[in-house]
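In: Return atomic coordinates for the entry below.
(one chain, ligands or ions: 1)
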Amino acid sequence: MAAENATPLTTEVLVVGGGPVGLMLAGELRLGGAEVTVLERRTGPTTESRASTLHARTAELLDGRGLLGRLGDPPREPRGHFGGIPLDLTLPGPCSGQWKVPQGRTEELLDAWARSLGADVRRGHELHTLTAGEDHVEARASGPDGTVVVRAAYAVACDGEDSTVRRLLAPRFPGHDAGRELLRADVAGIDVPDRRFERLPGGLAVAARRPDGVTRVMVHEFGAAARRRTAAPEFAEVAAAWERVTGERIGAGTPLWVNAFGDASRQLARYRHGRVLYAGDAAHRQMPIGGQALNLGLQDAVNLGWKLAATVRGRAPADLLDTYDTERRAVGLRVLGNIGIQAGLLLGGPEADPLRALLGELIPLEEVRVHLAGMISGLDVRYDMGPDGGHPLCGARLPCLRLLVGDRPSTGFRLLRAGGGVLLDLVGDDRIRAQAAPWADRVRYTAARLDGPRPDGLPDGTDAVLLRPDGHVAWAATAAGAARNGPGEALRRWFGEPGEAGA
Ligand SMILES: Cc1cc2nc3c(=O)[nH]c(=O)nc-3n(C[C@H](O)[C@H](O)[C@H](O)COP(=O)(O)OP(=O)(O)OC[C@H]3O[C@@H](n4cnc5c(N)ncnc54)[C@H](O)[C@@H]3O)c2cc1C
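Out: Numbering: from 1, shown residues only. Next comes the predicted model:
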């Protein structure tokens with residue numbers, strides 16, 4: 001019989017799944033001061049060739065944690081697409097465009113970061129049961145040394161699209177299964193022309209040759225239904241579909257990775273079920289079109305981490321944790337919507353052509369381009385900040401600001417690196433400092449001035465800005481406005497009553 005740890009391991013938050021979303025969440029929880037244990041069944045980062053795109057908002061968030069620079073100098077690509085129609089993703093700000101980073105590299109980085117902050121990341125541990133009670137959750141996992149029992153105040157399922165936690169607890173997960181699919185393979189030893197979402201009479205074909213000579217091919221035959229699969233397709237199936245669609249033979253190549261993915265779309269009806277929360281692919285299933293799936297999940301983690309940490313530390317306002325559900329479910333719904341539209345544009349047969357032609361005329365119009373680029377990049381996400389949200393910046397992410405703090409150059413993103421909230425005072429007004437003082441243990445007051453001209457996106461007369469730890473603006477005002485209606489209410493709403501701090 002396998003050994004079982006005699007006394008359960010106790011922690012404040014149990015994260016199930018140490019993929020990119022679970023690891024990001026673990027780091028965020030540690031920044032907020034919560035104890036966290038991650039159970040991950042794999043023994044190392046993914047070796048599968050999965051998501052390779054980090055969008056601008058994710059890059060900003062990584063910069064806000066001091067992680068972007070650690071990625072080195074990955075290739076950056078302003079060219080994106082909407083349903084295969086070219087879309088220039090250039091927007092104001094230093095992070096715009098797509099950052100090409102293999103998912104395994106992102107996971108390595110986040111693993112090292114979460115551990116450096118003190119997260120207990122246990123690889124080789126597979127969760128089998130999870131029960132949620134009134135005041136705690138309890139999990140059982142099999143690990144290298146037998147069964148491990150973990151007891152925690154909260155659990156977060158970050159265990160991917162086939163989430164074990166979702167299967168065990170069966171929350172409502174409405175949506176639809178895949179009707180159509182794309183077959184995909186990374187193949188060495190073939191020589192086919194590069195194709196960027198080429199629609200041929202029989203189907204869609206994509207081919208991209210990497211610098212190492214390996215070509216990624218993707219193919220869909222118009223009208224073909226998704227198959228029920230329990231394993232990856234054989235390469236012969238991909239090669240046959242490729243030949244029917246393009247007329248080219250690739251069967252003599254060496255397949256390095258073969259995979260099929262469908263246009264299933266599902267989203268949990270609620271991301272929070274008492275003491276169990278869901279994030280990333282465990283919370284929403286979508287076709288990975290335009291590289292949005294991973295980015296959506298990482299942004300879930302950054303929204304949830306500080307709220308859950310404040311909750312377990314006993315200093316969160318009563319409804320703070322529920323705002324994770326309302327804020328991120330709305331964002332997820334919108335992303336799943338645009339992915340569904342793109343799936344129709346890409347995989348639809350000739351009936352999709354008129355809509356494609358119309359969008360092809362609209363997308364070059366600057367307003368349309370900026371709108372779509374904002375949506376795909378995640379830069380246009382805006383949360384409801386309630387009654388204090390009158391200023392045009394409220395709810396949006398803080399645009400990139402170059403700052404001087406004293407004589408030291410900094411940026412708005414850099415101010416977030418220590419975790420916690422930030423009250424940025426651009427005019428050095430003692431009244432603003434005084435108003436923030438009671439929250440000094442949770443919100444860092446920083447007086448700074450703009451280094452250079454006022455950037456795009458910062459409205460004239462913005463003298464003070466309260467930032468949540470996820471970089472979204474909770475309150476902003478002119479100095480005169482701040483004197484009349486200061487940040488006090490917003491500080492209470494997002495950071496709790498002053499003087500409640502546990503530490
Ligand atoms: C085959 C494939 C190809 C993809 N290709 C692309 C792409 O080209 N572009 C794109 O943008 N996105 C792509 N995606 C999607 C992208 O990889 C995901 O959106 C992203 O990985 C989501 O991160 P996550 O942390 O939520 O889930 P995952 O990365 O799936 O991580 C979940 C983690 O939980 C662990 N786990 C699961 N069950 C248990 C358990 N019971 N106990 C302990 N640990 C458990 C898993 O081992 C895994 O490490 C692809 C996904 C797949 C599956």
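In: Alongside the ligand, which residues does the stretch 151-300 of the chain contribute?
Out: 158-160, 164, 259, 261, 280-282, 288, 291, 293-294, 297 (C-beta under 6 Å from any ligand atom). Backbone N, C-alpha and C define where each C-beta goes, glycine included.
In: Could you do the chain as well?
Out: Proximity of the chain to the ligand (C-beta under 6 Å from any ligand atom) is limited to residues 16-22, 39-42, 48, 50-51, 53, 103, 126-127, 158-160, 164, 259, 261, 280-282, 288, 291, 293-294, 297.
In: if you look at those, which of them are in strands?
Out: Per DSSP state E, strands hold the following members of the residues of the chain next to the ligand: 16, 39-40, 53, 126-127, 259, 261.
In: The residue in the stretch 201-350 of the chain that the ligand sits nearest to: how many residues sit nearby?
Out: Per C-beta to the nearest ligand atom, residue 280 is where the stretch 201-350 of the chain lies closest to the ligand, at 2.4 Å. Using other C-beta atoms under 10 Å, residue 280 has 28 neighbouring residues.
In: for the stretch 351-500 of the chain, which spans come out with low pLDDT?
Out: Where the stretch 351-500 of the chain drops to pLDDT under 70, the residues are 388-389, 500.
In: which residue ranges form the strands in it?
Out: All strands of the stretch 351-500 of the chain, identified by DSSP state E, counting those that start in this stretch, fall at 402-405, 408-411, 421-425, 443-447, 449-450, 464-467, 473-477.
In: Redo those strands as JSON lines? Include mean neighbour count and distance to residue 209.
Out: Shown next, in JSON lines, are those (neighbours: other C-beta atoms under 10 Å; distance: least, C-beta to C-beta, whole Å):
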{"stretch": "strand 402-405", "mean neighbour count": "16", "distance to residue 209": "39"}
{"stretch": "strand 408-411", "mean neighbour count": "14", "distance to residue 209": "37"}
{"stretch": "strand 421-425", "mean neighbour count": "24", "distance to residue 209": "45"}
{"stretch": "strand 443-447", "mean neighbour count": "19", "distance to residue 209": "48"}
{"stretch": "strand 449-450", "mean neighbour count": "13", "distance to residue 209": "45"}
{"stretch": "strand 464-467", "mean neighbour count": "27", "distance to residue 209": "43"}
{"stretch": "strand 473-477", "mean neighbour count": "27", "distance to residue 209": "43"}
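In: Any chance of these in TSV with distance to residue 215 as columns?
Out: Compiled in TSV, those are given as follows (distance: least, C-beta to C-beta, whole Å):
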stretch	distance to residue 215
strand 402-405	41
strand 408-411	39
strand 421-425	46
strand 443-447	49
strand 449-450	47
strand 464-467	44
strand 473-477	44
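In: and residue 499, which of the ones you listed is closest to it?
Out: Residue 499 sits nearest to strand 443-447 of all those, at 13.2 Å, using C-beta to C-beta.
In: For that closest one, which helices and strands make contact with it?
Out: strand 421-425, helix 430-436 (3 or more C-beta pairs under 8 Å, 6 or more residues apart in numbering; DSSP states H and E).
In: Restrict that strand to CA atoms and write it as CSV.
Out: Extracted as CSV, the C-alpha positions of strand 443-447 are listed here (Å, rounded to 0.1, in the frame of the first residue of the first chain):
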residue,chain,number,x,y,z
VAL,A,443,-0.8,50.8,-1.0
ARG,A,444,2.5,52.5,-1.7
TYR,A,445,2.3,56.3,-2.2
THR,A,446,4.7,57.4,-4.8
ALA,A,447,5.4,61.0,-5.9
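In: What pairs with that strand, parallel or antiparallel?
Out: Applying DSSP bridges, strand 443-447 is found paired with strand 421-425 (parallel).
In: what angle separates the strand it pairs with from strand 473-477?
Out: 20 degrees (axes from the mean of the first three to the mean of the last three C-alpha atoms, to 10 degrees).
In: So the chain: which segments form each domain?
Out: 9-52+102-175+266-347, 181-262, 386-495 (automatic domain parsing).
In: quick one: the second one to chain centroid distance?
Out: Domain 181-262 has its average C-alpha position 28 Å from the chain's average C-alpha position, going by C-alpha atoms, centre = their mean, to the nearest Å.
In: Just the buried positions in stretch 205-215, please.
Out: 205-207, 209, 214-215 (16 or more other C-beta atoms under 10 Å).
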